[in-house]
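Q: Pasted the sequence and its predicted model underneath.
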Amino acid sequence: MSSFKALMVHRDEDKTIRHEMTELQHGDLPADGEVLVAVKYSTVNYKDGLCLSGKGGLVRNYPHIPGIDFAGEVVSSSDKRYQQGDLVALTGWRVGEIWWGGYAQFAKVRADWLVPLADGLDCQQAMAIGTAGMTAMLSVLALEDAGVTPDMGPVLVTGAAGGVGSVATALLAARGYSVTAVTGRPETANYLRGLGANDILARAEMLEGGGRPLESESWAGCIDSVGSTILARALAQMKYGGAVATVGLAGGADLPTTVIPFIIRGVSLLGIDSVMASYERRLSAWNRLASDLPKPQLLAAMTVIGLGDVPSAGADILAGKVQGRLVVDVNA
């Protein structure tokens, strides 16, 4: 069969990380995958930045093809759930970390890791959503399950200009929630308002003062991708019975708080994991994303790049320079 392009990450003997655009054959792909997919689009997430840089210990074996998300068309399948021509998406399952991922024109993966593309979405839109959007939707579902409704008051979104935050802001606004977006980049204010944010809160304000276990009740809910002091401050400001969905640790893995918000105000802290989420939960999330996420906002949050642009984009996302969602056209 003809060769195809893949972005390979190599680690030399001196532990230097380098990237190489490589020509592979279909026989080079993992033998234990049941479904061969012609990849159309992938994405660049924070975790991709770690894999591309060799940080975080996520990649175990080199050379490696990163890319934790992809969407494309089934070429062949030994699993009866998928047929040639089916459009599918993959997020999570440590693909792009342990397993070869989406930064290639073809991928061979286990059928259990795939989901059919939701009606109303094409491959590019699916990857404008990607792991970040899946995580955002799972967070919104968790807040809804916890009883947080639009009439209870504003919802805080931290790291709002990032991938998870951008989609969360658009989803919440579309559902009628009043969204206060926290960002450390003042230049993103108009972008966030375009996604539906009602108010913009500077990250510096969330980092100043603080230290008290309880503050004035301000937020009915929160989706936090930052962690550390920002999350602690959000917990202190939650309304009685409020809920916080925690999805990331861009600001640190520590949590300098007390049990007081939980036992005095009945605040719930909800952990969100999109990597190992069940098939049923993924389908539910994808269907809600297809119906709830406004396409103009999705387009506004998306920048399309080529496979050769991925290494520099990975460095940018680790440096906090990326706004919204980076979609990779692997055939560009």
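A: Alright, I've got the coordinates.
Q: For Lys5, see how far away Leu24 is.
A: 8 Å (C-beta to C-beta, to the nearest Å). For the C-beta atoms, the positions are set from N, CA and C on the backbone; glycine is no exception.
Q: which residues of the chain fall in helices?
A: 46-53, 123-145, 163-174, 189-195, 203-207, 228-236, 260-264, 279-292, 295-300, 310-318 (DSSP state H).
Q: Can you pull up the most central residue in the chain?
A: Ala132 (1.5 Å; C-alpha atoms, centre = their mean).
Q: for the stretch 51-200 of the chain, what spans make up the strands?
A: All strands of the stretch 51-200 of the chain, identified by DSSP state E, counting those that start in this stretch, fall at 69-77, 87-91, 106-109, 114-116, 155-157, 179-183, 199-202.
Q: quick revisit: for Glu34, which of the helices of the chain is the nearest?
A: helix 279-292 (14.9 Å; C-beta to C-beta).
Q: now the closest one and helix 163-174, what's the angle there?
A: 60 degrees (axes from the mean of the first three to the mean of the last three C-alpha atoms, to 10 degrees).
Q: Adjust the sequence numbering to begin at 35 for everything that follows.
A: Done: numbering now begins at 35, and the last item shifts to helix 313-326.
Q: List the buried residues in helix 313-326.
A: Neighbour counts over helix 313-326 (16 or more other C-beta atoms under 10 Å) mark 316, 319-324 as buried.
Q: again, but for stretch 94-102
A: Taking 16+ other C-beta under 10 Å as the criterion, stretch 94-102 shows 98-102 as buried.
Q: Pick out whichever of those residues sits closest to Pro328.
A: Ile102 (24.9 Å).
Q: Phi first, then psi, for that closest one.
A: phi -80, psi -10 (degrees, to the nearest 10).
Q: Do I have it right that it meets Glu131?
A: Yes: taking contacts as C-beta atoms under 8 Å, Ile102 lies within contact range of Glu131: 6.8 Å.
Q: Now for these two: what residues contact both?
A: Counting by C-beta atoms under 8 Å, 6 or more residues apart in numbering, the contacts common to Ile102 and Glu131 are 81, 85.
Q: returning to that earlier point: give the residues shared as contacts by Leu58 and Lys39.
A: Ala138.
Q: coming back round to it: in CSV, list the buried residues of helix 313-326 along with distance to Ala266 and pLDDT.
A: Listed next are those as CSV, based on distance: C-beta to C-beta, whole Å; pLDDT from 0 to 100:
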residue, distance to Ala266, pLDDT
Arg316, 31, 94
Ala319, 28, 96
Trp320, 32, 97
Asn321, 34, 95
Arg322, 30, 96
Leu323, 30, 96
Ala324, 35, 95
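Q: which one among these gets closest to Ala194?
A: Leu323 (18.0 Å).
Q: correct me, but Gln331 touches Leu206?
A: No: the criterion here is C-beta under 8 Å, and Gln331 misses it with Leu206 at 11.2 Å.
Q: Common neighbours of the two, please.
A: Gly230.
Q: For these two, indicate the residue with more neighbours.
A: Using other C-beta atoms under 10 Å as the criterion, Gln331 and Leu206 rank with Leu206 on top: 28 against 20.
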